[in-house]
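S.K.: just need the structure, nothing else, for what follows:
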Amino acid sequence: MQYNVPQVDLVELAARIKGWGKALGFQSVGISDTELGAAETGLLQWLAEGHHGTMDYMAKHGAKRARPPELVPDTLRVISLRMNYYPKGTRETPAVLADGESAFISRYALGRDYHKVLRNRMQKLVGQIGAAAPQATCRVFSDSAPVLEVELARRANLGWRGKHTLLLSREHGSYFFLGEIFINLPLPVDVPADDHCGTCSACIDICPTQAIVAPYRLDARRCISYLTIELKGSIPPELRPLIGNRIYGCDDCQMVCPWNRFAQTTAEPDFAVRNGLDDVALVELFAWSEAEFRARLAGSPIYRIGHEHWLRNIAVGLGNAPTTPQVVGALQARAGHPSEMVREHVAWALQRHA
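M.R.: Predicted structure coming up:
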C-alpha cells in the first residue's frame, strides 16, 4: 500500500533518521528497499542442503525471511543500524585460544544481552520518527524474527557479506550488532555496498571445523557457534577435539579477517566484560552451580543456553585442555551429574586424559 505524505519531506526525514540513529549510539544507519529475490534463492538452496542443522525455525519460515512485507504488511523500506560491541581492555583472542586451561567466549557475549540494548535504542528512534511523521508505522527487530539482516544491511550500504557470511565494513570490520526497523514510508534508499573480500580466503582457511564449505556458504552443522549455542543435544564426538577451549561461540573467522584491523572498541557500558569472562579458567566455570550460573549470567546472551549445555560445552573444553590434577579432578566431580548429556561429555573428556 502506497502512502501519500506530502507534508513530510522524505529526503529530509531519511537524513534526520540517520542523525538520530547515530546520536543514539549506532555507528551507521542505512535504508534499503525490500526486494531480496536473489538472497531468497540462496536461502532456499541453503535450507535444501540441510545446512541449517536442527534450527527448524529457519526452515519453518522459509521464503518469508526474504519477504519483509509478508512479515510486516505495508513495509516499503527497512532501516538497518549497526552498533560496535568489542569491549575495551579485553584479553586478546589469540592469547585465550593458546591457553588450553582458559575458556574462550565469543567477544559479543562478554557483556549484556544485545537484543535488549538494540531494541531499546531502536524504539527510541521509532518515537522520534513518529513525532516527525505521524503516519509512519514501524516495527523493530534485533535477531528476533525471520529477517535476512545481513542482506538488508548490505543493501543499505552498511557493508558487504564476507566469505564467512558475516557483514564486513571497510571502516569497522565485523565486530558489531545489526538491528532493523521496518517502516511503511517510501524513504530514499542507499546504494548497496560493493564486495571487498577479493581473493582472500583467511576465514575459510582458519575455521577449526571447516564449516565454511565454500565462499559465502556456511554449514551450520559444523560451526562451533552452532554446536555450542544452537545445538540442543550431544555434540558429535568427531568434532569435539576441534572445538578446543571455545565454550560459547567462535571468533576465529573474524580474528584473522584483514578488515578487522579497522575494528573499533565499543563505548557502550552494557557491552563491557562481566564476571571476568574474557580471562577465566575452564575449571572455575565448570564449578558453577546452577544457581551461580543463573545469578552471574542473568541479562547475558549466554543465559539462554542453560546450565546443562554450559556444562556440556565446558566438559568438551576440559577434554581438550592439558592434563593436570585440577582438570581431571573437576571432571571427576561432575562424573555423576544428573544429566545424561553432561555425564556423556564428561566421560569423553576423562577418556581423553586417561
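S.K.: now do the buried residues in the worst-scoring helix or strand of the chain on mean pLDDT.
M.R.: Ranked by mean pLDDT, DSSP states H and E, the weakest helix or strand in the chain is helix 56-61, scoring a mean of 83. Buried residues in helix 56-61, counted by 16 or more other C-beta atoms under 10 Å: Met58, His61. Glycine gets a C-beta too; all of them are placed from N, C-alpha and C.
S.K.: next secondary structure after that helix?
M.R.: helix 68-71 (DSSP states H and E).
S.K.: so for that next one, mean pLDDT?
M.R.: Here helix 68-71 scores 95 as its mean pLDDT.
S.K.: picking up where we left off before, using PDB, write out every CA atom in the least confident helix or strand of the chain.
M.R.: Output of helix 56-61 as PDB, limited to C-alpha atoms (Å, rounded to 0.1, in the frame of the first residue of the first chain):
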ATOM      1  CA  ASP A  56      14.000 -25.900  12.400                       C
ATOM      2  CA  TYR A  57      12.800 -22.300  12.800                       C
ATOM      3  CA  MET A  58      15.000 -21.400   9.800                       C
ATOM      4  CA  ALA A  59      13.000 -23.800   7.600                       C
ATOM      5  CA  LYS A  60       9.700 -23.100   9.200                       C
ATOM      6  CA  HIS A  61       9.600 -19.500   7.900                       C
END
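S.K.: that one: how far from the chain's middle?
M.R.: How far helix 56-61 lies from its chain's middle: 18 Å, per C-alpha atoms, centre = their mean, to the nearest Å.
S.K.: again with stretch 85-95
M.R.: The chain centroid and the centroid of stretch 85-95 are separated by 16 Å, computed with C-alpha atoms, centre = their mean.
S.K.: buried stuff in that stretch?
M.R.: Across stretch 85-95, burial judged by 16+ other C-beta under 10 Å covers Tyr85, Tyr86, Pro87, Thr90, Arg91, Thr93.
S.K.: so which helix or strand takes in Met83?
M.R.: Assigned by DSSP H and E, Met83 belongs to strand 77-84.
S.K.: to the chain's geometric centre, what's the distance from the helix or strand containing Cys253?
M.R.: When elements are assigned from DSSP H and E, Cys253 belongs to helix 252-255. Relative to its parent chain, helix 252-255 has a centroid offset of 13 Å by C-alpha atoms, centre = their mean.
S.K.: now for it, which elements pack on it?
M.R.: Counting by 3 or more C-beta pairs under 8 Å, 6 or more residues apart in numbering; DSSP states H and E, the packing neighbours recorded for helix 252-255 are helix 93-98, helix 202-206.
S.K.: give me the contact list for it.
M.R.: With contacts defined as C-beta atoms under 8 Å, 6 or more residues apart in numbering, helix 252-255 is touched by 93-94, 97, 164, 166, 173-175, 203, 206-208, 212, 260.
S.K.: so which of those is the closest to Glu49?
M.R.: Ile212 (13.9 Å; C-beta to C-beta).
S.K.: near that closest one, how many other residues are there?
M.R.: Look at Ile212: counted by other C-beta atoms under 10 Å, it has 23 neighbours.
S.K.: how about it: what's its closest non-neighbour residue?
M.R.: Ile204 (4.6 Å; C-beta to C-beta, 6 or more residues apart in numbering).
S.K.: contacting residues for that neighbour?
M.R.: Lys163, His164, Ile212, Pro215.
S.K.: strands of this protein, residue ranges please.
M.R.: Assigned by DSSP state E, the strands in the chain fall at 28-32, 77-84, 104-105, 138-141, 160-161, 167-168, 176-183, 212-214, 217-218, 246-248.
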